[in-house]
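J.: next come a sequence and a model predicted from it.
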Amino acid sequence: MKPTLYQISVQPRHLRYMYFVDDNYDYEKLLDLIHINQSIWGGRFNPIVPVIKNKVSPEYIQLIKHYDPDYIFYSDNVDPKAIQELRLFNPAGYYCIDDKPRKQDISGVSAFYFISTLDPNTKLLLPGELWRSKSSLLSFYKTNFGLNKSRYHHEFELAKHHPQILIEAKNIKELNEIIHHEKPINQVNLSKLNLNTRIVRNLKETSNDSVEIVISKDKSSSQDLLYFWNRHLFECSSILYATLDEIDELCKDKFFGGLLYDQSTRNIIEVVSFTLTDDEIKSLIETKFKPIAFNTRFTHKPIASFPFEVLDANGLFERNYGESTSIQTLISEEGLVQLPKLSFTDEVGFFPQMWALDVTIKKGSIDHLAHKQFPLTTQTQYVIKGVKGRINLRRNISVFIHNQQNPESTLEITVPQFSNLIRQLIQSPVIHGETKDSKFLTVGPHDDSNKLAAFIKTFNSSFDTIDDFFTDKFWVDLFEHLCTTESASGQSITFKRLVSRCEEILKENGVDLGAREKTFLNKENLEIGLKATLKELCNNKVFLKGFSIKCTNCSSYFWYPLTEIDHTVNCKGCLERFEFPVEPEFSYKLNDLIKNNIFQSANQRDGNLAVIRSLASIRRGSRSSFEYSPQLNLYDDYHSNMPCSEIDLIGISDGKFVIGEVKHNSKGFSENKNKALKGIVEIAKEVYPDKIVLACYEDTNGKLEKAKQGLIHLFTKWEYQPEIETLLLHTPDYFHLSGHRYFYY
């Protein structure tokens with residue numbers, strides 16, 4: 001038996017935040033939020049979304065749906081339910097940004113750590129005692145170049161081996177000239193390095209070399225400021241922001257023209273404003289910018305609406321500009337994984353800082369590894385111990401490393417058994433970053449679950465094989481005939497009779513067997529193919545080898561397995577022993593396990609086959625991962641043997657938690673006043689599945705679709721509505737009648 005391997009891929013990245021602020025949010029508070037974000041690794045690309053009367057505009061929804069934030073913050077006047085009901089994100093938590101004290105800090109890794117990756121001769125722009133300055137441009141330089149009023153110890157420690165340009169009250173008037181001539185690296189530049197987020201594009205409105213300057217009439221409106229910040233989510237080269245008063249002051253200095261020239265790549269700068277009129281912008285270009293232009297052309301760029309439409313799918317891949325993925329292997333479900341170092345520093349220190357690790361788990365053997373994905377409601381601390389985390393939208397695990405709280409160099413990983421994972425998903429799902437205890441205290445096997453599991457195991461746990469046989473009408477008819485036959489020799493068939501039945505079906509379907517030298521559709525090839533298929537079924541114990549023989553005493557026919565055969569045989573009728581006949585023909589009996597999953601009695605079908613085929617269908621539609629559980633009983637009382645509910649179908653497909661109700665005939669969904677549908681809704685409102693599947697073998701009068709509409713109605717006004725899918729199982733046919741299970745060559 002091949003050992004089970006677990007391949008663990010770990011990639012460090014910056015924390016990703018998203019902010020929702022009401023449309024009247026204080027300008028200075030918004031500016032402070034911007035300054036905080038552009039001081040941390042990757043922070044320049046955290047969206048800040050305006051909310052009007054607890055509604056997010058459709059344009060912003062189309063933009064932010066491409067992002068996967070680790071944390072979401074909202075302002076005082078925004079109801080977090082308005083964000084949660086978008087069903088776009090799965091953050092580790094939702095926090096009010098205006099709480100005092102705030103329940104969660106906006107943290108990250110200081111952008112100054114990237115100084116270590118620069119050439120030692122690179123000059124750095126750093127503040128001296130700028131707080132002494134009375135300049136009206138301090139806000140402009142902080143917003144666009146990250147120049148704070150005060151010096152920070154860690155900035156000087158990290159930059160001490162580089163040439164430093166200190167800006168103080170005495171030389172702030174020469175700052176435009178300094179930036180133009182010296183071209184120093186600043187904090188905002190550093191915050192854009194080693195990016196791991198999405199940059200989208202609109203081929204009409206944006207390009208990777210576009211440069212804009214956004215001008216706000218004054219500080220009474222945040223519209224221009226929000227555009228300046230979120231415009232960077234679309235491709236561009238550079239974007240600056242200033243108020244009209246700041247522009248008036250800046251344009252008195254000819255070196256501001258040089259600063260702008262250095263920003264442009266095509267010698268074109270587009271001027272954008274939502275608060276200035278077209279005439280005011282044209283006047284600004286003529287009277288302010290043109291006199292100081294350094295070979296730069298300024299054009300007015302009118303914006304009809306923002307955010308722009310995301311038009312190019314090629315712009316949606318995540319940028320991965322620096323941190324590499326480390327791959328480690330475990331040979332059991334439990335082990336330690338080495339914590340990868342950040343590429344730009346050996347140690348994060350000075351003050352509390354955080355970053356993320358994206359962890360991907362693959363399970364299998366040396367020659368095959370299957371992706372293991374998790375539902376959004378998974379508690380990550382059951383998998384990766386001792387660190388906070390979440391399930392990201394790729395259905396992998398993201399954990400957060402705190403430089404002071406997680407000093408260890410390893411992560412302890414326990415890959416949960418599927419049964420334990422399902423138990424957690426049902427008993428205590430994680431919703432909006434918080435664990436919610438459901439009313440289901442424990443789970444247990446359903447009466448039919450053991451025989452269903454044994455059935456699947458009989459087919460070597462291969463849903464593809466099950467699907468092959470149970471969508472093939474020839475084999476389905478044969479299995480059902482052997483299940484319901486009243487033949488004295490039991491549910492068995494000889495190879496000769498198997499070939500004869502197949503020849504009859506081939507003829508009925510217009511397939512005539514020919515000569516061996518003319519066509520592969522010949523009897524010899526048919527016998528070889530059926531023998532190979534029968535061997536496969538016998539190896540899997542679907543058919544049992546034995547003999548159907550006649551007692552010489554009472555003339556009764558009975559089937560006997562090989563284990564009961566000797567020189568003499570004990571008759572199952574008269575109980576007398578008789579001589580085993582000479583050269584009897586082998587007879588193959590259908591395993592009772594198969595029969596019991598198809599029929600409860602000769603006239604009553606069992607629901608297990610419909611469940612099995614439903615699982616096979618979901619498995620076939622899964623792209624990268626699929627796991628399942630047999631039926632489960634749910635209990636709301638530890639001391640009761642009576643379940644309060646049950647689930648027919650349970651699985652995880654591509655990380656989505658799927659539950660379902662399965663009937664042989666769709667009429668069953670509406671029986672007893674829709675009892676089955678009401679039951680699955682009650683369960684869903686406790687366990688929060690991604691998808692509910694309604695499946696049946698036969699659909700009578702369109703009742704399957706009616707059941708779906710009934711389910712949708714029962715979920716009306718519930719905040720966490722799952723996807724609802726109907727599944728009418730494929731009617732067995734003769735499509736593969738000339739395939740490899742019939743003709744070997």
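T.: Nice, I can see it. All of these numbers come straight from a predicted model, not from anything done at the bench.

J.: ok, so what distance separates the residue lying farthest from the centre of the chain from L590?
T.: Ranked by distance from the centre of the chain (CA atoms, centre = their mean), the top residue is N553, with 67.7 Å. Distance, N553 to L590, by CB to CB, to the nearest Å: 27 Å. Using the backbone N, CA and C atoms, a C-beta is placed for each residue, glycine as well.

J.: same deal with N230?
T.: Distance, N230 to L590, using CB to CB: 65 Å.

J.: looking at those two, which one has more neighbours?
T.: Residue environment comparison for N230 versus L590 gives the larger neighbour count to L590, 23 against 20, counting by other CB atoms under 10 Å.

J.: now the element after the helix or strand harbouring V611, going C-ward?
T.: According to DSSP states H and E, V611 maps onto helix 608-621. Under the assignment DSSP H and E, the closest C-terminal helix or strand after helix 608-621 is strand 626-629.

J.: what strands line up against the helix or strand just after that following strand, and which way round?
T.: In the C-terminal direction, the helix or strand that comes right after strand 626-629 (DSSP H and E) is strand 632-635. For strand 632-635, the paired strands and their directions (DSSP bridges) read strand 442-445 (antiparallel), strand 645-647 (antiparallel).

J.: now the helices for the stretch 101-250 of the chain?
T.: Shown for the stretch 101-250 of the chain, the helices assigned by DSSP state H, counting those that start in this stretch span residues 138-145, 153-158, 175-182, 187-190, 223-231, 244-250.

J.: residues contacting V211?
T.: Residues counted as contacts of V211 (CB atoms under 8 Å, 6 or more residues apart in numbering) are 236-239, 263-266, 268-270.

J.: now do it, the pLDDT please.
T.: For V211, the pLDDT comes out at 95.

J.: tell me what it is bridged to.
T.: Taking DSSP bridges, one finds S238 as the beta-bridge partners of V211.

J.: quick one: it from N267, how far?
T.: According to CB to CB, V211 stands 9 Å off from N267.

J.: same check, this time on L125
T.: As defined by CB to CB, L125 lies at a distance of 24 Å from N267.

J.: and these two? Which one has more around it.
T.: A side-by-side neighbour count of L125 and N267, using other CB under 10 Å, places L125 first with 24 against 12.

J.: residue boundaries of the helices in the stretch 251-400 of the chain?
T.: Along the stretch 251-400 of the chain, the segments classed as helices by DSSP H, counting those that start in this stretch run 254-263, 278-284.

J.: redo those helices as a markdown table? Include mean neighbour count.
T.: Compiled in a markdown table, the helices of the stretch 251-400 of the chain are given as follows (neighbours: other CB atoms under 10 Å):
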| stretch | mean neighbour count |
| --- | --- |
| helix 254-263 | 19 |
| helix 278-284 | 14 |
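
J.: where do the domain boundaries of the protein fall?
T.: What automatic domain parsing lists as the domains of the chain is 1-102+320-416, 119-184, 462-598, 608-728.

J.: for T296, which of those domains is the nearest?
T.: Across the domains of the chain, T296 has its closest neighbour in domain 119-184 (12.3 Å, CB to CB).

J.: start and end of that closest one, how far apart?
T.: For domain 119-184, the first-to-last residue distance is 12 Å (CA to CA, to the nearest Å).

J.: what helices or strands is the helix holding V611 leaning on?
T.: Using 3 or more CB pairs under 8 Å, 6 or more residues apart in numbering; DSSP states H and E, the elements in contact with helix 608-621 are helix 449-458, helix 463-470, helix 592-598, strand 626-629, strand 649-653, strand 656-665, strand 691-698, strand 723-728.

J.: out of those, deepest packed?
T.: For these, the largest average neighbour count (mean count of other CB atoms under 10 Å) is found in strand 649-653, namely a mean of 25.

J.: what lines up beside it in the sheet?
T.: Here strand 649-653 is paired, per DSSP bridges, with strand 626-629 (antiparallel), strand 656-665 (antiparallel).

J.: run through the residues that contact the closest residue to P416 other than its chain neighbours.
T.: Counting by CB to CB, 6 or more residues apart in numbering, Y382 is the residue found nearest to P416 once chain neighbours are left out, at 5.8 Å. Contacts were defined as CB under 8 Å, 6+ apart; by that measure Y382 touches 414, 416, 420-421, 424.

J.: make it 10 Å
T.: By CB atoms under 10 Å, 6 or more residues apart in numbering, the residues touching Y382 are 374, 414-416, 420-421, 424, 428.

J.: farthest pair in these?
T.: V415 and S428 (18.8 Å).

J.: between the two, who's got more neighbours?
T.: Of the pair V415 and S428, V415 is the one with more neighbours under other CB under 10 Å, namely 19 against 16.

J.: top of the contacts of Y382 by neighbour count?
T.: Highest neighbour count within these: F374, with 25 neighbours (other CB under 10 Å).

J.: show me what the residue lying closest to that one once chain neighbours are set aside bridges to in the sheet.
T.: Computed as CB to CB, 6+ apart, the closest residue to F374 that is not its neighbour in sequence is I391, at 5.1 Å. On DSSP bridges, the residues paired with I391 through beta bridges are I397.

J.: ok, I391 touching S398?
T.: Yes - counting by CB atoms under 10 Å, I391 touches S398, with 7.6 Å between them.

J.: quick check: neighbours shared by those two?
T.: Between them, I391 and S398 share these contacting residues under CB under 10 Å, 6+ apart: 90, 92, 380.

J.: would you format those residues as TSV with distance to G668, pLDDT and neighbour count included?
T.: Shown next, in TSV, are these (distance: CB to CB, whole Å; pLDDT from 0 to 100; neighbours: other CB atoms under 10 Å):
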residue	distance to G668	pLDDT	neighbour count
N90	35	97	23
A92	41	97	25
T380	38	97	20
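
J.: and of those residues, the nearest to K656?
T.: N90 (12.2 Å).

J.: look up the closest residue to S135, ignoring the ones flanking it.
T.: Counting by CB to CB, 6+ apart, the nearest residue to S135 once its immediate chain neighbours are dropped is I172, at 5.1 Å.

J.: out of the domains of the chain, nearest to K288?
T.: Between these, domain 119-184 lies closest to K288; by CB to CB that is 14.1 Å.

J.: let me see the mean pLDDT of the closest one.
T.: 91.

J.: repeat that for stretch 706-722.
T.: Stretch 706-722 comes out with an average pLDDT of 91.

J.: report the buried residues of that stretch.
T.: Within stretch 706-722, the residues that qualify as buried by neighbour count (16 or more other CB atoms under 10 Å) are 707-708, 710-711, 714-715, 720, 722.

J.: pick out the most distant pair among those.
T.: Distances among those were taken as CB to CB; the most separated pair is A707 and Y720, at 20.5 Å.

J.: so F599 bridges to which residues?
T.: F599 has these beta-bridge partners by DSSP bridges: R605.

J.: what's the neighbour count on it?
T.: For F599, the neighbour count with other CB under 10 Å is 18.

J.: my read: it touches L609, true?
T.: Yes - here F599 lies in contact with L609, judged by CB under 10 Å, at a distance of 8.8 Å.

J.: which residues are in contact with both of the two?
T.: 479-480.

J.: give me the below-cutoff pLDDT ranges for this protein.
T.: Counting by pLDDT under 70, the chain contains low-confidence ranges at 1-2, 366-367, 488-490.

J.: about what we covered before: ok, the residue nearest to S135 - contacts?
T.: With contacts taken as CB under 10 Å, 6+ apart, I172 has the following neighbours: 127-128, 130, 132-135, 137-138, 141, 147, 178.

J.: any idea how far it lies from T435?
T.: For I172, the distance to T435 under the criterion CB to CB works out to 52 Å.

J.: and N396, by the same measure?
T.: According to CB to CB, N396 stands 20 Å off from T435.

J.: tell me which of those two has more neighbours.
T.: Comparing N396 with T435 by neighbour count (other CB under 10 Å), the higher total belongs to N396, at 18 against 13.

J.: name the nearest residue to the more buried one, sequence neighbours excluded.
T.: Closest residue to N396 in three dimensions, ignoring its sequence neighbours and counting by CB to CB, 6+ apart: T360, at 4.9 Å.
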